[in-house]
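Fold the following for me, if possible:
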Amino acid sequence: MECGRRIVIIAVIATVLVVVIICIAICTGIPTPLAVTPSQTDDDFKDTFMERCQKFNGSKPSRANCQTIWDKFQQAYVNKDPCEVPTEAYDPVIAEAPMESAHYRFMFWSKTKDVVHEFTGKNNCFMTLEKFLLGSVLDDLVWCGKKGSNETFTTGCPNGTECVKNPVRSFWNRSSAAFAELAWGNVTVMLNGSLQTPFDNESIFASVELKRFEFPRVTHLAVVLVTQKNSETNCSNESLQKLKKEVLDKGIGYNCSAVTESHLKACASDTVKLSHWRFFTITSTILFFSFYQT
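Coordinates of the predicted model:
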């Protein structure tokens, strides 16, 4: 009788502990295994991957190359816990589709994706990560795997708030590192002047890309602060001063210019009609410097 009572008490205590742990995890934002459950496969994902790979207008890989790239890409996350995919899992696919340095000016961005892509999409002067093969193929896609399955899932996948080592975040961290390691000379970054902290220490640019800028490979960083009309944010922002110090401490040159988003969009839309000289002069002296200074 006494033994049975003890078993009941232990069972009750164990149940209470499980409930408490789950409540704490939910309240504090700590992910639990129950929170991430990939639920639906997407046969179109591979088709999209292969189609984009074939149409990529850079290195123009053959069908066989695209299949090899797909195979190595999938190996990074299939049959794995979607919250336990480290950045190095993508090393084989990065090696299979390496980024090639060319005579471009490298453009980085943080929370300015749309304006950057609109600006760079109309000219071939600046190169973003999304203009390379893997960046182009996987832009705006979501994917993950799960233990016990060799399939690719596109729904129920974890995001950055649920777990850090999710497949999408790990891929972009790894490819961003490769992109930054390729950059040379004068590089440009567009930051969001609508935010209180345009230079965010948690961003990929701050935590991954900037850390890989080394002098003399990288000689100058040009910051374009994208603002709205009548915006009060400028290059004296505290976070940008921290960025300036970090860059100068590396021995890399630094300058910053605030440019309105409407100005950049107007400039991008008129690119075809403008000469290179007028194009960069209209945009800002900072972009002119970034393109022509070597």
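
From now on I want contacts and neighbour counts done on CA atoms only, so please keep to that.
Fine.

which residues does residue 245 contact?
Counting by C-alpha atoms under 8 Å, 6 or more residues apart in numbering, residue 245 makes contact with nothing.

For the protein, give the strand that spans the most residues.
Assignment by DSSP state E gives strand 218-227 as the longest strand of the chain.

who does that one touch, helix- and strand-wise?
strand 185-192, strand 253-260, helix 285-292 (3 or more C-alpha pairs under 8 Å, 6 or more residues apart in numbering; DSSP states H and E).

Quick one: distance of that strand to the chain centre.
In terms of C-alpha atoms, centre = their mean, to the nearest Å, the centre of strand 218-227 is found 18 Å from the chain centre.

Give the partner strands of it in its sheet and their orientations.
Strand 218-227 sits in its sheet next to strand 185-192 (parallel), strand 253-260 (parallel), going by DSSP bridges.

Of those, which stretch is the most buried?
strand 185-192 (a mean of 23; mean count of other C-alpha atoms under 10 Å).

quick one: contacts of it?
Contacts for strand 185-192 (C-alpha under 8 Å, 6+ apart): 105-112, 116, 198-199, 216-227, 287, 290-291, 293-294.

Now the buried members of the residues you listed.
105-112, 116, 198-199, 218-227, 287, 290-291 (16 or more other C-alpha atoms under 10 Å).

looking at this protein, which helix or strand is least sure?
Across the helices and strands of the chain, mean confidence by mean pLDDT, DSSP states H and E is lowest for helix 276-283: a mean of 41.

so which helix or strand takes in the residue nearest to the spatial centre of the chain?
Nearest residue to the geometric centre of the chain (C-alpha atoms, centre = their mean): residue 172, 4.5 Å. Using DSSP states H and E, residue 172 maps to helix 167-182.

now the angle from that helix to strand 185-192?
Orientation of helix 167-182 against strand 185-192 (axes from the mean of the first three to the mean of the last three C-alpha atoms, to 10 degrees) gives an angle of 140 degrees.

residues of helix 167-182 that come out buried?
167-182.

what's the answer for stretch 142-162, then?
Neighbour-count burial for stretch 142-162 [16+ other C-alpha under 10 Å]: 142-146, 151-154, 156-159, 162.

In TSV: the residues you listed, plus pLDDT, secondary structure and distance to residue 254.
Shown next, in TSV, are the buried residues of stretch 142-162 (pLDDT from 0 to 100; DSSP: H, G, I helix; E, B strand; the rest coil; distance: C-alpha to C-alpha, whole Å):
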residue	pLDDT	secondary structure	distance to residue 254
142	96	coil	35
143	97	coil	37
144	96	strand	39
145	96	coil	42
146	94	coil	44
151	94	coil	46
152	95	coil	43
153	95	strand	43
154	94	strand	41
156	93	coil	42
157	95	coil	39
158	94	coil	37
159	89	coil	34
162	88	coil	36
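
In those, find the pair that's most separated.
Among the buried residues of stretch 142-162, the pair separated by the greatest distance (C-alpha to C-alpha) is 151 and 162, at 21.2 Å.

Tabulate the strands paired with strand 218-227 in JSON lines, adding columns for mean pLDDT.
As requested, these are exported to JSON lines (pLDDT from 0 to 100):
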{"stretch": "strand 185-192", "mean pLDDT": "96"}
{"stretch": "strand 253-260", "mean pLDDT": "96"}
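
Spatially, what comes nearest to residue 77 if we skip its sequence neighbours?
Closest residue to residue 77 apart from its sequence neighbours, by C-alpha to C-alpha, 6 or more residues apart in numbering: residue 145 at 5.6 Å.

Regarding residue 201, what is its secondary structure?
Of the three states, residue 201 takes coil under DSSP: H, G, I helix; E, B strand; the rest coil.

What count of nearby residues applies to it?
By other C-alpha atoms under 10 Å, 14 other residues sit near residue 201.

could we number from 17 for the rest of this?
Sure, I'll start numbering at 17, so the last one becomes residue 217.

what separates it from residue 261, distance-wise?
Distance, residue 217 to residue 261, using C-alpha to C-alpha, to the nearest Å: 14 Å.
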